[in-house]
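# pasting the structure only:
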Ligand SMILES: [Zn+2]
């Protein structure tokens, strides 16, 4: 995967765009190069290094809650494939989604009410709340940050992204 990490004017990671899109932003002087790869690229009579990280010149406001679908794939990625009850990491096939407040008790299918659980913990908890089952959660589930999730799902393209992401 080749992509360019876009930082907000405040150096906060914002999104990932194609190299072509990044070059357009650079040529229009809407962004500046922060990190580049060894490769060079010809564009509009100039030679540019191929960027790996760019920063927008002006600040872009981002809404607090970005609506990402709550799916098995995104929930497992958010929780780093770690059972939120026993704290162990499992292969994807051995993990399930648990509704903290069970759906049968009116619990919503929302980021704040879903966690990754291993088969054993999920079975043990059954249709009880964590309190009823005496199974405290490792952390309170919440809506993930968009960029963090995209990176978890796609894998990082450049080591140079790390210092901006983590
Ligand atoms: Zn478990």
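Sure, I can see it. Only a predicted model underlies this, so the values are computations on that prediction, with no experimental measurement involved.

# Low-confidence ranges, the chain, go.
1, 62-67, 145-158, 165-166 (pLDDT under 70).

# Mind splitting it into its structural domains?
For the chain, automatic domain parsing gives the domain ranges 4-63, 72-133.

# Residue 51: neighbour count?
Applying other CB atoms under 10 Å, we find 27 residues neighbouring residue 51. All C-beta spots, glycine's among them, are computed from the backbone N, C-alpha and C.

# quick one: it and residue 36 touch, right?
Yes - taking CB atoms under 8 Å as the definition, residue 51 is a contact partner of residue 36 at 5.2 Å.

# returning to that earlier point: quick one: the domains of the chain as TSV, columns for distance to the ion too.
Formatted as TSV, these follow (distance: least, CB to the ion, whole Å):
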stretch	distance to the ion
domain 4-63	31
domain 72-133	3
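
# need the ones you listed in JSON lines with distance to residue 140, can you?
Shown next, in JSON lines, are these (distance: least, CB to CB, whole Å):
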{"stretch": "domain 4-63", "distance to residue 140": "21"}
{"stretch": "domain 72-133", "distance to residue 140": "8"}
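
# Which stretches in the chain count as strands?
For the chain, strands defined by DSSP state E occupy the ranges 4-7, 13-17, 31-43, 46-56, 95-99, 114-118.

# Can you say which of these is nearest to residue 80?
strand 114-118 (8.2 Å; CB to CB).

# ok, and what's touching that closest one?
With CB atoms under 8 Å, 6 or more residues apart in numbering as the test, strand 114-118 has contacts from 70, 75-76, 78-79, 81-86, 88, 90, 94-100, 125, 137, 141.

# That strand pairs with which strands?
Strand 114-118 pairs in its sheet with strand 95-99 (antiparallel), by DSSP bridges.
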